[in-house]
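**Q** only geometry, no sequence info:
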């Protein structure tokens, strides 16, 4: 049985974190959960497939959208007979660039990052490299990263057995394979980094094609060929300085030596 940390807050089953199919909402997000009577905020893991059919989906997504596209705000609430004020973060995806029936797309206001929010629940964060792939009519792929999880109690498994399992076999063992519809179509590359037998701690990564909605792929393929990258002030100064100094021997420096590190 899954523990509280790794169980889906909607269905209760184990969540193996896989980009595009699941997510963990951290406590610092302060995502208000007005539908809950036992806790003011939503925190924890979820399957996107569960979110899509959840009765509180619209309320959850409205609050999540506000956080991701906002710039932070103060939350005032009553608890234990006292008034408390907390600062809810904002993630600055404040520039809307597309709105359709199936999804919305926002650009970050300070970096080359984009957020695709779907009407059914899943969301996807994209970086410059993924947009370049879409511009070539390729598929946006998550490179995966280091994930660490504690497998639920069950049959004792050796490190060799866990390392020899494929992703589909592991999900079957966990009893949550049906929570990842379409995963095999994303050509997942599952890599086991380590497994601690006594603690049942698995370290792994999954690289996979992201299941972006077709309208988002179509729009971004065109947009990616035309958008202007964000250039920070220090990057502009560095580029201008390089142009002015081209061909000029640096004063007080051996011309055969490595150049000084750029100013941060």
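**A** Received, thanks. Predicted model, so just to flag it, every value in this text is computed and none were measured.
**Q** Got phi/psi on the closest residue to residue 51 other than its chain neighbours?
**A** Using Cβ to Cβ, 6 or more residues apart in numbering and skipping residues adjacent in sequence, the residue nearest residue 51 is residue 121, 3.8 Å away. Using the backbone N, CA and C atoms, a C-beta is placed for each residue, glycine as well. Backbone geometry at residue 121, expressed as degrees, to the nearest 10, gives phi 130, psi -50.
**Q** my guess is residue 121 contacts residue 52, does it?
**A** Yes: judged on Cβ atoms under 8 Å, residue 121 makes contact with residue 52 at a distance of 4.4 Å.
**Q** and the residue nearest the centre of the chain, which of the three is it?
**A** In the chain, the C-alpha nearest the mean C-alpha coordinate belongs to residue 125, at 5.5 Å (Cα atoms, centre = their mean). Per DSSP: H, G, I helix; E, B strand; the rest coil, the local secondary structure of residue 125 is strand.
**Q** what sits opposite it in the beta ladder?
**A** residue 115 (DSSP bridges).
**Q** And residue 104, by the same measure?
**A** On the basis of DSSP bridges, residue 104 takes part in beta bridges with residue 99, residue 117.
**Q** what separates it from residue 139, distance-wise?
**A** 21 Å (Cβ to Cβ, to the nearest Å).
**Q** of these two, who's got more company?
**A** residue 104 (19 against 15; other Cβ atoms under 10 Å).
**Q** Identify the residues contacting the more buried one.
**A** Neighbour list for residue 104: 65, 96, 98, 116, 117 [criterion: Cβ atoms under 8 Å, 6 or more residues apart in numbering].
**Q** now for those residues, which pair is the farthest apart?
**A** Distance extremes for the contacts of residue 104: the farthest pair is 65 and 98 at 14.2 Å, using Cβ to Cβ.
**Q** surely residue 139 meets residue 130?
**A** No: contact between residue 139 and residue 130 fails when scored by Cβ under 8 Å: they sit 9.1 Å apart.
**Q** which residues do those two both contact?
**A** Here residue 139 and residue 130 share the contacting residues residue 210, scored by Cβ under 8 Å, 6+ apart.
**Q** If you drop the residues flanking it in sequence, what lies closest to residue 33?
**A** Excluding the flanking residues, the one nearest residue 33 by Cβ to Cβ, 6+ apart is residue 42, at 4.1 Å.
**Q** Kindly report the same for residue 98.
**A** Residue nearest to residue 98 in three dimensions, not counting chain neighbours: residue 105, with 4.0 Å by Cβ to Cβ, 6+ apart.
**Q** what sits against that neighbour?
**A** 96, 97, 98, 99, 114, 115, 116, 117, 216, 219, 220.
**Q** which of these lies closest to residue 135?
**A** Among the contacts of residue 105, residue 220 lies closest to residue 135 (Cβ to Cβ), at 8.1 Å.
**Q** and the closest one, how many neighbours?
**A** 24.
**Q** Pretty sure the residue nearest to residue 33 sits against residue 9.
**A** Yes: with contact defined as Cβ under 8 Å, residue 42 reaches residue 9; the gap is 6.9 Å.
**Q** the more surrounded of residue 121 and residue 52?
**A** It is residue 121, of residue 121 and residue 52, that has more neighbours when counted by other Cβ under 10 Å, with 21 against 15.
**Q** who's in contact with the more buried one?
**A** 48, 51, 52, 54, 57, 61.
**Q** In helices only, show me those.
**A** Among the contacts of residue 121, the members falling in helices (DSSP state H) are 48, 51, 52, 57, 61.
**Q** How much space separates the first one from residue 169?
**A** For residue 48, the distance to residue 169 equals 22 Å [Cβ to Cβ].
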